[in-house]
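# Prediction below, plus the sequence it came from.
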Amino acid sequence: MSAISAPAPASRRRKRIVREPQRLLPRWLQVVVITLLMLMLLPVVYMLIISVSPDLDAASAKLWPSQFMWSNYLKVFTTVDLGRGLMNSFIASFSAALIATIFGLGAAYVLTRFRFRGRAPLLSSLVGLQAVPATMIILPLFVVFSSVGSALGVQIIGSRPALIVTYLTFAIPFSTWLLVTNMRQIPTTYEEAAMIDGVTRFGALRRIIFPLMVPGMVVAMVFALLVGWNDVLFASVLTNPDTQTAAIQLQVFANSTDGGVLPLYGQLMAASLISAAPVVVLYMIFQRQLVGGLTAGGDKG
Amino acid sequence: MIQDTSTPGAASPAAPGGARRGRRRKEYVAGGRPLWLLSPTLALLVLVIGVPFLIGTYISFFELDQYNLRNWVTAPFVGLKNYADSLNAALLLHSIWVSLAFAVLTTAFSAPIGFLAALAVNTRFRGRGLVRSLFLVPYVLPSFVTATVWRFILRPDGVFNKVLGLHNMQWLIGTNSFWALVLVDIWAAWPFVYMMTLAGLQAIPDELYEAADVDGVTWVKKIVYMVVPQIRHQLLLGLLLSTLNHFNNFTLPFVLFGTPAPNDVLTLQVNIYQTSFQYFRFGLGSAMSVASLILTLIPAFIYLKASRLTAAPGEE
């Protein structure tokens, strides 16, 4: 601040500038923030500990198990039919993701490459539809499924296709929108050049657009898959014990441990971790793309 | 790129490529315009969202319950009775208030955390990749898992009370339940704001920071006057989306408290679920859904209008 002491700090500061211009917080605050936020992971650590604890330790809120019960991870597959639940979750959410991505690719291509009447409202509705509360969709679908089912004499509610159809309600707007933001980044000149060389529109779509869009499609699929995997509302209304997803099994299991009917806390936490693992792994693999996709609406500035 | 319309005579023979970009493209595009590629998506959208939406609005005017569910067309018309009932008997206003308070509070608390987190990992340091990944963990855990774990942690004789030295405090019933819900959702949702902020920060060029450093600006001023205005757009989007997400969050309160939910955490979505699928008053549930849809679409619509999110770069 004063004229005499100015040179020394100035030179020190300049040295720091060169190395890290992006520093926004002073080091002490940075350390405090990161440490505090790391402490927020304690519930996850606790979940890991409980999953290998004997149930008595878990019930008395012991912080460290008296013995390690690795068997919890095996037993849980017989206590609840978790294998079937995981399979059901996967089939339903993967099918919806696949359908939405394939359909969405065509739609995204048309929406980014051509101008036509109704294009702008359609784009807006892709974003707007994501704000529609899921209860608004599930209720009428439930009514339709049950009446059509009884008219045709088939059980629609509880069947897998019914669940897949409801998953499409969020998967389609979302995947299409994500693919639109991706496709915008591919210059039109690529296809134009190919078509000048005599390739048809579909040839260009297949040989140029498709390979360039593979990463975007993977992200769209992974995203739709994750939302389906995490769903509780649709599955709780539309599944029966045979088609129950892992999310519903876990919720039912948690309810029964809570009432003290089945106090298998270790297994409950093991089941939680098992059904969370695929999601966390997928996120970590596609972290960069998924974060980009989530914030896709915002990168226009 | 260059306006070929201003000098039509000179430009078109000299630069045929430029002319094609301008006018002719609308009339003739090489390879045709396969607009039908849109139709499967459009058809599905109409089928799985449009039609249910209309049916939902329709049955909100009818007395539909589990007895006439199978042939819902025969349900008696009751006009606006369901809407009146949702205000009086079904605690619609109470639920809207709970959801709104919950959404606003959660966003208000989680936004500064996420913002600070993003600022903290903006510098390179050893282990930054790991820290960034770990930050995402609460967010990427499925909601039903988060709720299951916290339900166990928050039991009266659970570890939360034990660590804080509270004796048999009830978190899952009574007035505390609202704060339990806010707490758990903050825990789960702050990484969303963190991600939005980080995306914004990545777009700030180093020169800007350097200019600020050369001027000797303090870190607080640097954040307030330089960073925040630069990432304003991402921040606002993050706040809006996170408020909407909290407002529409069904899984967390549903799994955390079970049904019937305590009155203090009877959020709008849980209320609609209970009315429809546990009391089987489908007409009433639909009326409440319509009300909740209108409530959520207002901010979404304003946002769309304000941000022109759907316009591609370069369009109007």
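Received, thanks.
# Excluding covalently adjacent residues, which one is nearest to residue B:223?
residue A:24 (6.1 Å; Cβ to Cβ, 6 or more residues apart in numbering or on different chains). Quick note: C-beta positions are derived from backbone N, CA and C, even for glycine.
# so that neighbour touches residue B:227, yeah?
Yes. With contact defined as Cβ atoms under 8 Å, residue A:24 and residue B:227 form a contacting pair (6.4 Å).
# tell me, what's touching these two both at once?
B:119, B:201 (Cβ atoms under 8 Å, 6 or more residues apart in numbering or on different chains).
# buried residues in whatever helix or strand residue A:139 lives in?
According to DSSP states H and E, residue A:139 maps onto helix A:134-152. Neighbour-count burial for helix A:134-152, with 16 or more other Cβ atoms under 10 Å in any protein chain shown as criterion, is recorded at A:134-147, A:149.
# That helix - contacts with which helices or strands?
helix A:160-183, helix A:233-238, helix B:51-59, helix B:268-277, helix B:282-307 (3 or more Cβ pairs under 8 Å, 6 or more residues apart in numbering or on different chains; DSSP states H and E).
# Rounded mean pLDDT for it, please.
Helix A:134-152 carries an average pLDDT of 85.
# tilt between that helix and helix B:282-307?
130 degrees (axes from the mean of the first three to the mean of the last three Cα atoms, to 10 degrees).
# distance between helix A:134-152 and the chain's centre?
26 Å (Cα atoms, centre = their mean, to the nearest Å).
# do the same with stretch B:62-78
33 Å.
# Skip ahead from the longest helix seen in chain B and say which helix or strand is next.
Longest helix in chain B, counting residues (DSSP state H): helix B:92-120. Proceeding N to C from helix B:92-120, the next assigned helix or strand is helix B:128-140, under DSSP H and E.
# Which single residue in the stretch 201-301 of chain A comes nearest to chain B?
Residue nearest to chain B within the stretch 201-301 of chain A: residue A:201 (3.0 Å; Cβ to the nearest Cβ).
# and that residue, how far is that from residue A:58?
62 Å (Cβ to Cβ, to the nearest Å).
# List the residues that contact the residue nearest to residue B:223.
By Cβ under 8 Å, 6+ apart, the residues touching residue A:24 are B:119, B:122-123, B:201, B:219, B:222-223, B:227.
# Dump the residues you listed into JSON lines; add pLDDT as well.
Converted to JSON lines, the contacts of residue A:24 look like this (pLDDT from 0 to 100):
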{"residue": "B:119", "pLDDT": "90"}
{"residue": "B:122", "pLDDT": "86"}
{"residue": "B:123", "pLDDT": "83"}
{"residue": "B:201", "pLDDT": "86"}
{"residue": "B:219", "pLDDT": "84"}
{"residue": "B:222", "pLDDT": "84"}
{"residue": "B:223", "pLDDT": "85"}
{"residue": "B:227", "pLDDT": "86"}
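# Only the buried subset of the residues you listed, as a PyMOL command please.
Burial among the contacts of residue A:24 is assessed by 16+ other Cβ under 10 Å; the matching PyMOL selection reads:
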select buried, chain B and resi 119+122+123+201+222+223+227
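# Could you single out the nearest of the contacts of residue A:24 to residue A:87?
Nearest to residue A:87 out of these is residue B:201 (Cβ to Cβ; 41.0 Å).
# Check the contact between that closest one and residue B:227; I expect there is one.
Yes. Using Cβ under 8 Å, residue B:201 makes contact with residue B:227 at a distance of 7.2 Å.
# can you list residues touching both of those two?
What both residue B:201 and residue B:227 touch, as defined by Cβ under 8 Å, 6+ apart, is the set A:24, B:119.
# Geometrically speaking, which residue is the centre of the chain?
Assuming you mean chain A. residue A:226 (3.2 Å; Cα atoms, centre = their mean).
# sorry, should have said chain B
Note: chain B centre (Cα atoms, centre = their mean) maps to residue B:245, 3.2 Å.
# My read is that it contacts residue B:189, right?
Yes. If you go by Cβ under 8 Å, residue B:245 and residue B:189 touch, sitting 7.4 Å apart.
# isn't residue B:149 right up against residue A:47?
Yes. The criterion here is Cβ under 8 Å, and residue B:149 meets it with residue A:47 at 4.9 Å.
# Common neighbours of these two, please.
Jointly contacting residue B:149 and residue A:47 under the rule Cβ under 8 Å, 6+ apart are A:269, A:272.
# which secondary structure elements does the host helix or strand of residue B:184 contact?
Here residue B:184 sits within helix B:176-202, counting by DSSP H and E. For helix B:176-202, the packing partners by 3+ Cβ pairs under 8 Å, 6+ apart come out as helix A:287-294, helix B:92-120, helix B:128-140, helix B:143-153, helix B:232-247, helix B:251-257.
# okay if I get those as CSV plus distance to residue B:172?
Output for those, formatted as CSV (distance: least, Cβ to Cβ, whole Å):
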stretch, distance to residue B:172
helix A:287-294, 31
helix B:92-120, 15
helix B:128-140, 20
helix B:143-153, 7
helix B:232-247, 19
helix B:251-257, 6
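# ranking these by mean pLDDT, which is last?
Taking mean pLDDT as the measure, helix A:287-294 is lowest among the helices and strands packed on helix B:176-202, coming in at a mean of 71.
# Contact partners for residue A:233?
A:134-135, A:138, B:250-251, B:254, B:269, B:273.
# Pick the one among those residues closest to residue A:189.
residue A:134 (41.0 Å).
# The closest one - nearest residue in space that isn't next to it in sequence?
Nearest residue to residue A:134 in three dimensions, chain neighbours excluded: residue A:233, at 5.2 Å (Cβ to Cβ, 6+ apart).
# Same question for residue B:194.
Nearest to residue B:194 is residue B:114, by Cβ to Cβ, 6+ apart, at 3.7 Å.
# For the one you found, which residues are in contact?
Residue B:114 neighbours (Cβ under 8 Å, 6+ apart): B:190-197, B:238.
# What angle do helix B:176-202 and the longest helix of chain B make with each other?
Using the same axes, to 10 degrees: helix B:92-120 against helix B:176-202 is 40 degrees.
# Only the buried residues of helix B:92-120, if you could.
Quick answer for helix B:92-120 (16+ other Cβ under 10 Å): B:92, B:95-96, B:98-100, B:102-103, B:105-107, B:109-111, B:113-120.
# just the angle between that helix and helix B:128-140, please?
170 degrees.
# Could you check how many residues crowd around the residue lying closest to residue A:291 once chain neighbours are set aside?
Leaving aside its sequence neighbours, residue A:291 sits nearest to residue B:195 (Cβ to Cβ, 6+ apart; 5.1 Å). Counted with other Cβ atoms under 10 Å in any protein chain shown, the neighbours of residue B:195 add up to 26.
# And residue B:195, how far from residue A:72?
Residue B:195 is 33 Å from residue A:72, by Cβ to Cβ.
# Name the residues that touch whichever strand or helix holds residue A:191?
Residue A:191 belongs to helix A:188-196 when elements are defined using DSSP H and E. Identification of contacts with helix A:188-196 by Cβ under 8 Å, 6+ apart yields A:113, A:201, A:203-205, A:207-209, A:212, B:30-31.
# among those residues, which ones are buried?
Judged by 16+ other Cβ under 10 Å, buried ones among those: A:113, A:201, A:204-205, A:208-209, B:31.
# Inside helices: which ones of those?
Residues of the buried ones among the contacts of helix A:188-196 located in helices (DSSP H): A:113, A:201, A:204.
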